[in-house]
Structures are given as structure tokens and as C-alpha cells.
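In: what's the 3D shape of this:
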Amino acid sequence: MPASEIRAKTGKWAPLLRQLPNLITVLRVLLVLPTAWYLWLQHYLVALILVAIAGLSDALDGWLARRLQAFTRVGATLDPLADKLLIGVLFVTLTVQQHLPLWLVVLALGRDALILFGAGLYRWLVGPIQVAPTMLSKVNTALQISLLIGILIALAEIPYLSALVYWIIYPWLILLVAALVLASGIDYTWTWTRKLFADRQTPG
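Out: Next up is the predicted model:
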């Protein structure tokens, strides 16, 4: 059913429905704290379930936003923030618990810090900026999430599955994620450095 028909049928409820994707995104942000808590207590199965719920909510709010044409600035800001918060918390906690090497979390968070610094520098020197994730960045994020979920599966001691996932993660998936983090960081740096010099030389 087209979005226009949905709006016609929902009538006065349309404005409220259009806020539903944002509400789901906010709930995903709120899931970060209990996920971190259960992870810290080493209740890995519970943490895994919460991460799965967060992943499903991410897919759901994106589908609703497209279906209802309910794209907002709030949603555009909160959606990647929710993902980064969850990934960051998982990376740091699992590293503190020595399930991930320290160099990997430094590499991953360092890449994000570099991107933020570059965005701030562009805004200061040129003006407002809209950073769209590249395909390489999307693959990198997907692999990071796969790595973190895999570690939770391994730690949850699910019969048969945990041992298989453990073998895939150490060291193969870790090395692959590290390579993608480096490649994505270099890609962002090269792309936005060229854009920065090009836009500074453009009149107006």
C-alpha cells in the first residue's frame, strides 16, 4: 500500500504514526544501558537477547520510516547514534573483560574519532556538512556487529554453536574487522580531504 493511502486511512493519527520510528529509535538508545549492565555482570545470553532486540528494532524503525515517509532530522541523528553507542559499549566492555584485544578497540574507536574530527574541521573551515556512510563503511559496521554478536554467542555457551563461532572469530573475523576498519578510515580520510580542498577553492 502506498504511503499516501496509509496517511489517508490513518487520518488524525498520521502525525502520531510518523513519530513511531523515532520512538523506536529512542527505545533502542535506552536499551544500551541494560545491555551494558548484563554484559558487565557476564550474563551473556541476556545481553545477546537485548542486542538481538536492538537489531530488530533498527530494521523495524527503518522500514516504518520508509513506509510512512517519516524521515526526520531527529531520526537521522538518533539512528546512527544508537548504533554507535551500542557498538562502543560492547567493544569497550568486552575488551575490559579481555575477550577482545585492546589494539582492536583502539583502532575502531580511533577511526570514529578521526571521522568526527574531520567533520568538525570541515564545518569550521567550510560550513555545514552531511556525512553519508560509504559502502565500505556500511560493510565495516556490519562486520563489527557480526564480530560482537559472535563473541556473545561464544560466551553464552550455546551447545555446538558457541564452539563453531569461537573458531571463526579467533583470529579470522578479528583480523578481517581490523582490515576493514583501516580501509574505511583511509577511505574517509582521502575522500573528505579531497572534498575539503575542493570546496575551499570553490567561490561562494
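In: so how far is residue 25 from the spatially closest residue to residue 27 that is not a sequence neighbour?
Out: Distance criterion Cβ to Cβ, 6 or more residues apart in numbering; nearest residue to residue 27, sequence neighbours excluded, is residue 57 at 6.5 Å. C-beta coordinates here come from the backbone N, C-alpha and C atoms, glycine included. Counting by Cβ to Cβ, to the nearest Å, the gap from residue 57 to residue 25 is 8 Å.
In: those two: who's more crowded?
Out: Applying other Cβ atoms under 10 Å to residue 57 and residue 25 shows that residue 25 carries more neighbours, namely 27 against 17.
In: what sits against that one?
Out: Residue 25 is in contact with 57, 61, 75, 78-79, 82, counting by Cβ atoms under 8 Å, 6 or more residues apart in numbering.
In: let's see it at 7 Å
Out: For residue 25, the contact set (Cβ atoms under 7 Å, 6 or more residues apart in numbering) comprises 61, 75, 78-79, 82.
In: and it, what element?
Out: In the assignment (DSSP states H and E), residue 25 maps to helix 20-30.
In: residue 192: what's its closest spatial neighbour, skipping adjacent residues?
Out: Residue 192 sits nearest to residue 118 (Cβ to Cβ, 6+ apart), 5.3 Å away.
In: which parts of the helix or strand harbouring the one you found are buried?
Out: Assigned by DSSP H and E, residue 118 falls within helix 102-125. Residues of helix 102-125 classed as buried: 104-105, 108-109, 111, 115, 118, 122 (neighbour count, 16 or more other Cβ atoms under 10 Å).
In: what of stretch 82-102?
Out: By neighbour count on 16+ other Cβ under 10 Å, the buried set for stretch 82-102 is 82-83, 85-95, 99-100.
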